[in-house]
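# dropping the sequence and predicted coords here.
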Amino acid sequence: MTGSARRRTGDSRYGERVPLVAAAVCPHPPLLVPEVAGSAAPELDDLRAACDTAVRRLLAADPDILLLLGTGPVTGPIRTPATGSLQPWGVDLDVPLVPGQPDRGAVLPLSLTIGAWLLARHDARPPVTAVQVAADAGPAELAALADEVDAAGDRVAALVLGDGSACRGEKAPGYDDARALPYDQGVAAALADADLDALLDLDPVVSTELKAAGRASWQVLAGAARAAGGGWRGELLHDSAPYGVAYFVASWERV
């Protein structure tokens, strides 16, 4: 039954505040796109497959609105039309937020560009909206954004983009940091268990030092899930750090 059909049949949640109903967490490395990865593309086949599974589950929740949430230069919504580009990574490929839009419009940050690319791999989907959150956003800003996500008006499913630490080894972008592995293990466990407290307790200073790009987005997700109320069930579909950067894929649903 579609969301509109649910409204016609008098679902008691309508006319009230209808919460976040599902979420997927994926990373946003440019190398996820095979055209960018080139001959190295098979190295991330398992990651792509996990992301596809998470997105399919998100769509299976039958949301009325699909929200893309990821790190950007500022905090706030991105109005359509909007387009991301992979030209900075050597590929002449534009990724519109909504396929077929005639104008480039606003510029999507990398996180939402990869999110839009992941969505484009799946044909049937609800209307899409996008929100970016500054990497250094503080608790009050994150809490306000989480409330906006949860009060979006209809059944909302969120695709949340964010990488873990970038300090897993001497060849990592942030070099090697002994704190990186325990940090990432904590994030992986929190995503697997839908542990809202653990995500909300992530230290922004340590996260920045470890170059964990997903911290702010994960905390908005945790805040929105808490605002939605009820229980949540999580499943970790992927956890790796092939290039010294931690990549997690998780699927959350309400219980």
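Looks like it came in fine. Keep in mind that what you see is a predicted model, and the values were worked out from it rather than measured.
# what ranges does the stretch 101-250 of the chain have for its strands?
Along the stretch 101-250 of the chain, the segments classed as strands by DSSP state E, counting those that start in this stretch run 106-107, 128-134, 156-161, 232-240, 247-254.
# got CSV for those strands, with mean neighbour count, distance to Val95 and mean pLDDT too?
C-betas here are computed from N, CA, C, even on glycine. Listed next are the strands of the stretch 101-250 of the chain as CSV, based on neighbours: other Cβ atoms under 10 Å; distance: least, Cβ to Cβ, whole Å; pLDDT from 0 to 100:
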stretch, mean neighbour count, distance to Val95, mean pLDDT
strand 106-107, 16, 11, 90
strand 128-134, 22, 12, 93
strand 156-161, 26, 13, 96
strand 232-240, 18, 22, 98
strand 247-254, 24, 19, 97
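# with distance to Val36 added, can I get those strands in JSON lines?
Formatted as JSON lines, those follow (distance: least, Cβ to Cβ, whole Å):
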{"stretch": "strand 106-107", "distance to Val36": "18"}
{"stretch": "strand 128-134", "distance to Val36": "21"}
{"stretch": "strand 156-161", "distance to Val36": "16"}
{"stretch": "strand 232-240", "distance to Val36": "18"}
{"stretch": "strand 247-254", "distance to Val36": "15"}
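# and the ones you listed: which comes nearest Ala120?
Closest approach to Ala120 among the strands of the stretch 101-250 of the chain is made by strand 128-134 (10.1 Å; Cβ to Cβ).
# need the contact partners of that closest one.
65-78, 80, 82, 97-98, 108-109, 111-112, 115-116, 119, 141-142, 145, 148-149, 152, 216-217, 220 (Cβ atoms under 8 Å, 6 or more residues apart in numbering).
# show the buried residues in those residues.
Among these, the ones that count as buried by 16 or more other Cβ atoms under 10 Å are 65-72, 75, 78, 80, 82, 97-98, 108-109, 111-112, 115-116, 119, 141-142, 145, 148-149, 152, 216-217, 220.
# shouldn't Ile78 be in contact with Gly115?
No. Using Cβ atoms under 8 Å, Ile78 makes no contact with Gly115, being 11.1 Å away.
# how about the contacts made by Asp195?
By Cβ under 8 Å, 6+ apart, the contact set of Asp195 is Ala189, Gly234.
# likewise for Val187?
Here Val187 is in contact with Gly164, Leu199, Leu202, Ala212, Gly214, Trp218, Ala246, Phe248 (Cβ under 8 Å, 6+ apart).
# of the contacts of strand 128-134, which belong to helices?
Using DSSP state H, 111-112, 115-116, 119, 141-142, 145, 148-149, 216-217, 220 are the members of the contacts of strand 128-134 that sit in helices.
# how about those residues in a markdown table, adding distance to Ala41 and pLDDT?
Formatted as a markdown table, the ones in helices among the contacts of strand 128-134 follow (distance: Cβ to Cβ, whole Å; pLDDT from 0 to 100):
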| residue | distance to Ala41 | pLDDT |
| --- | --- | --- |
| Ser111 | 20 | 97 |
| Leu112 | 22 | 97 |
| Gly115 | 19 | 97 |
| Ala116 | 19 | 95 |
| Leu119 | 19 | 94 |
| Glu141 | 37 | 88 |
| Leu142 | 34 | 90 |
| Leu145 | 34 | 87 |
| Glu148 | 36 | 78 |
| Val149 | 33 | 78 |
| Ala216 | 29 | 96 |
| Ser217 | 25 | 96 |
| Val220 | 31 | 95 |
